[in-house]
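Student: Could you work out the structure for the sequence below:
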Amino acid sequence: MRRSERDPRPGAPRALPASASVSRAFPGHALDGAKVRAALLDLVVQLGHLLRRRGQAARALTLTLRFAGGSRRDKTRRLPEASAHDDDLRVTAYRLIDAAGLQRGRLTGLVLRGDDLVDAERVAEQLSLDPARASRLLAEEVMDRIRDRFGPGVIGPAATRLRGA
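Tutor: Numbers count the residues shown, from 1 in each chain. The predicted structure follows:
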């Protein structure tokens, strides 16, 4: 085919991936539940931002726990509604880690994956009469703009700023 000729085949836009993941490795073995939860919250914020930037929403989350010795455990849970909002993702992620029943497991890392992703524009947005949720969603938009301009680690929940978290 010469360069001046046009390809008659219809072009199809590249589909977005069906999942997105973020991960965190611990420098040693994490035993402190507060540090593990803070790291998980940081992953929630990263995943939410990634999904919103890509215009996607997750219908499910999978949490992978990596342990000393190389073993791993995966837990998956569906969200009540597809979402890319930090609060919705956080509630499900915390349920996943609570269901894992970690006692004194020596964690070496966490992976949080958004699964069964859909186009965010196709997700029905439930009107909320909860002014606190509306305020959190507005703050989330502002924080996304700050992260896009100054970098992902410049703003986030205070719990993720724990020393060593």
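Student: sec struct for residue 18, please.
Tutor: In three-state terms, and counting by DSSP: H, G, I helix; E, B strand; the rest coil, residue 18 is coil.
Student: for it, what are its contacts?
Tutor: Going by C-beta atoms under 8 Å, 6 or more residues apart in numbering, residue 18 touches 115, 116, 117. Just so you know, the C-beta spots here come from the backbone N, C-alpha and C atoms, and that holds for glycine as well.
Student: Which members of the residues you listed are positioned in strands?
Tutor: residue 115 (DSSP state E).
Student: For stretch 154-165, the averaged confidence score.
Tutor: Here stretch 154-165 scores 71 as its mean pLDDT.
Student: just for this protein, where's the confidence low?
Tutor: By pLDDT under 70, the weakly predicted segments of the chain are 1-4, 7, 9-14, 31, 103-105, 126-127, 162-165.
Student: Now with 50, please.
Tutor: Across the chain, the ranges flagged by pLDDT under 50 are 1, 164-165.
Student: now the strands for it?
Tutor: 20-30, 56-67, 72-83, 107-115, 118-119.
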